[in-house]
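*Asks:* Sequence and predicted structure below; questions after.
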Number of protein chains: 2
Amino acid sequence: MKSDLDRLIQERGFGGIVVMGEVEGNHALRYMTNSARITHGIVVKKPGEQPVIIVNGMERDEAAKSGLPVRTMAEFGYYEMIKETGSPFEGQVRLLAKILDEYGIKGQVSFYGVGDPGQSYVLLNRLAAEKPDIVPTGEPETTIFDEAYETKDDLELEAMRSVAERTNAAMGETLGFIKSHRVEDGRLVKSDGSPLTVGDVKTFLRARLNAANLTDDGETIFAIGRDAGVPHSRGEDPDVLELGKSIVFDLFPRDMTTGYYHDMTRTWCLGYAPDEVQRAYDEVMHIFNNAMEALKVGEACSVYQEMTCDFFEERGHPTIRSNPATNDGYVHSLGHGLGLQIHARPRLSSISTDVIKPRQVFSVEPGLYYPERGFGVRIEDTVYVDDDGEIHSLTPFPKDLVIEVG
Amino acid sequence: MKSDLDRLIQERGFGGIVVMGEVEGNHALRYMTNSARITHGIVVKKPGEQPVIIVNGMERDEAAKSGLPVRTMAEFGYYEMIKETGSPFEGQVRLLAKILDEYGIKGQVSFYGVGDPGQSYVLLNRLAAEKPDIVPTGEPETTIFDEAYETKDDLELEAMRSVAERTNAAMGETLGFIKSHRVEDGRLVKSDGSPLTVGDVKTFLRARLNAANLTDDGETIFAIGRDAGVPHSRGEDPDVLELGKSIVFDLFPRDMTTGYYHDMTRTWCLGYAPDEVQRAYDEVMHIFNNAMEALKVGEACSVYQEMTCDFFEERGHPTIRSNPATNDGYVHSLGHGLGLQIHARPRLSSISTDVIKPRQVFSVEPGLYYPERGFGVRIEDTVYVDDDGEIHSLTPFPKDLVIEVG
């Protein structure tokens, strides 16, 4: 969690870190600023000292909500630097040099955030030339943030609980919307007699998410029939809601203010479930419950993926372990951590080196897919591990397969 | 426009360009791929040759919709590279080297897109070491994309016309929603008697945007009274819709698929307009019409900002020219280009070196702000310049100040 950053910076021998760029899509900047509503900024941190945020003066008040000490670019003479050099870019080089100087940051300085790759390359090369006592660097693979994100502090848990509640509520409202339609010729129809479509459901859903300060960035999966059998398919807007087809509804919105995600999936059959869908659902629920029961602090995360493959293979299903190229059966890993990113540590996959720890938040999502047979099933909760090692689901929404309609 | 890229690359002496990263927030990648719905990819272009897109095999079909030749990372041996080096990062270095090699790109290669700044720095340094016949670089200030974005080709104009139509429609629906409320004690109230709030309006608006495949990313300005007098204020959700207060409604959503923006502002007074608001509105409309009338291909963009300052100063208003620190009067520039970015070239500001050209798309948005007197007025259309130099507004929505209610 955030309090681990000092240790992580020191373990890597960094003299300090810089997090920069626009806040949009910038999980590291959101993390360091406690999701303050700035548009862009620079956070610097020296090990053992509190981070400091440097922003445009207009965003001073928003930046203060981060709880960090706030400085403005003007205080470092940024605008004079631009004037002197005749170049906003050179001004930025000098600004960074001045900030690092003032906070006594030397040696290897690691940079994070979001930027144009070529601009970052030129900027950090110029900075190295301008300020010879620092060596700019970055972390191309596992970063201090990847490690810190793995566990959550109380503030993060509170934010994630809040997103979870609103996401569960939006799924419930969407189910209510679907059920408010009548059945005609084996499908749901609207009051004007035209069929209810996947596009209609997503439009309704997004209005509800939006009213709850959530956004799905257009990514929600609401896939019916064959599409439900393809884990990457988001579903096609013109598809109609036919009875007896499996619907995979994978909802993973983020809070528009805090940036935290929830992730949940339910599988529904309207009216009735064909036998093979019911069987697949029963098996998925069985291993879901077994895995949830087995989760234990100190255990390797890979164990749960292995146990899921064992279970499905014993019942005759192909798995990603028995055939890495399979599109049938169990074709993905059991889960993933989430927070300000939808995919983070821990990974519940066969190659994962992660271990279950208190304060992790991750998904548990077994599934079975048979696109050629026209169905798929996935059930997913997001869970957290408390300080006593107890596992709690953040996704209380009912898991019933068959939805009464008509 | 896009067809200028070859010339722009050659003028700068680049042996080629690379655009990379996640597509989210990545206008250069969207531009090069004609907004294909991939999640990430690498586009390479050698001057005089067609760009090529390299994606994960799973996204091959989506990538093909870009109209570009599609290659997969697997075809370049990416997964073997990761295996051999034991590192996804080293795999990425080798993949880039192999791609550049295969397309015969040498010399200065400029990189664009979105990435973590430290990772980009380490990556391009490693690439330079791995492939001595290239010199990675970037453009820290005006890039080839900044220049290309300034004018639009037919496909882009079509996309922007479509966003414009839907944005105008959403503003109309929002006005209809507001007008559907009754007046009680000088404010609008809902059927349960509670006051209609800015938050209610934004929730309604976002549902309509969403149904039109638009998103405002939570950024819409709907600011009433004093907030209307602060150009950066988005308005406060709990504020109620009082009669006789100026409302600045600045709507600039983007299409969720193509990524193109529209930008429009209207100022409304519910029921009646106080004299000072009406006067400010009349003046803003006057200079709006004058500026629109005066726009002429070949003219310096700064001319229109000067003419607006002249007009307002003659009428006794402070301007950003007469007092750069003013919060009263006319406090910003007259307009800005837009496209895949909300702010692009041309800039209609006093320091702009841009010139009006055919195929530009830009906003025209004079305003007057008096926060301490509790009001602000801004009127904004997005316009385009056709090949004959005619100016056309993409924002036909009525500009009336007073909205009949009750």
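*Replies:* Cool, got the structure.
*Asks:* tell me which residues in the least confident helix or strand in chain A by mean pLDDT are buried?
*Replies:* One helix or strand of chain A scores below all others by mean pLDDT, DSSP states H and E: helix A:60-64, with a mean of 89. For helix A:60-64, burial by neighbour count (16 or more other Cβ atoms under 10 Å in any protein chain shown) applies to A:62-63. In this view, the C-beta of every residue, glycine as well, is placed from N, C-alpha and C.
*Asks:* do the same with stretch A:344-351
*Replies:* A:344-350.
*Asks:* Now render the residues you listed as TSV, adding distance to B:Pro274.
*Replies:* TSV is the format used below for these (distance: Cβ to Cβ, whole Å):
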residue	distance to B:Pro274
A:Ala344	53
A:Arg345	58
A:Pro346	60
A:Arg347	61
A:Leu348	62
A:Ser349	64
A:Ser350	69
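*Asks:* Keep only those of these that are also close to chain B.
*Replies:* When Cβ under 8 Å from any Cβ of the partner chain is applied, no member of the buried residues of stretch A:344-351 is adjacent to chain B.
*Asks:* Narrow those residues to those in helices?
*Replies:* Residues of the buried residues of stretch A:344-351 located in helices (DSSP state H): none.
*Asks:* Can you add pLDDT and distance to B:Gly107 and give those residues back as JSON lines?
*Replies:* Converted to JSON lines, these look like this (pLDDT from 0 to 100; distance: Cβ to Cβ, whole Å):
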{"residue": "A:Ala344", "pLDDT": "95", "distance to B:Gly107": "39"}
{"residue": "A:Arg345", "pLDDT": "95", "distance to B:Gly107": "40"}
{"residue": "A:Pro346", "pLDDT": "97", "distance to B:Gly107": "44"}
{"residue": "A:Arg347", "pLDDT": "96", "distance to B:Gly107": "41"}
{"residue": "A:Leu348", "pLDDT": "97", "distance to B:Gly107": "46"}
{"residue": "A:Ser349", "pLDDT": "95", "distance to B:Gly107": "42"}
{"residue": "A:Ser350", "pLDDT": "93", "distance to B:Gly107": "44"}
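*Asks:* from those residues, which is closest to chain B?
*Replies:* A:Arg347 (13.6 Å; Cβ to the nearest Cβ).
*Asks:* Pull up the gap between the closest one and A:Tyr304, please.
*Replies:* Applying Cβ to Cβ, to the nearest Å, the value for A:Arg347 to A:Tyr304 is 11 Å.
*Asks:* How about A:Arg315?
*Replies:* For A:Arg315, the distance to A:Tyr304 - Cβ to Cβ - is 17 Å.
*Asks:* Give me the more crowded residue out of these two.
*Replies:* Remark: of A:Arg315 and A:Tyr304, A:Tyr304 carries more neighbours, 27 against 14, as counted by other Cβ atoms under 10 Å in any protein chain shown.
*Asks:* Break chain A down into its structural domains.
*Replies:* A:2-148, A:151-403 (automatic domain parsing).
*Asks:* next one: the shortest one to chain centre, how far?
*Replies:* This means domain A:2-148. Relative to its chain's centre, domain A:2-148 lies at 24 Å (Cα atoms, centre = their mean, to the nearest Å).
*Asks:* likewise stretch A:262-280?
*Replies:* 24 Å.
*Asks:* Show me which residues of it are buried.
*Replies:* A:262-271, A:273, A:277-278, A:280.
*Asks:* Also stretch A:39-56?
*Replies:* A:40-47, A:51-55.
*Asks:* now stretch A:113-132
*Replies:* So, applying 16+ other Cβ under 10 Å, buried residues of stretch A:113-132: A:113-128, A:131.
*Asks:* which residues in chain A form helices?
*Replies:* With DSSP H as the criterion, chain A has helices spanning A:5-11, A:27-32, A:60-64, A:78-85, A:88-102, A:117-130, A:144-149, A:154-179, A:198-211, A:275-294, A:302-314.
*Asks:* Return the most buried member of those.
*Replies:* helix A:27-32 (a mean of 24; mean count of other Cβ atoms under 10 Å in any protein chain shown).
*Asks:* got a list of contacts for that one?
*Replies:* Contacts to helix A:27-32, defined as Cβ atoms under 8 Å, 6 or more residues apart in numbering or on different chains, come from residues A:2, A:19-21, A:23, A:40-41, A:43, A:45, A:51, A:53, A:66, A:68, A:112-114, A:145, A:148-149, A:258-259, A:339-341, B:116.
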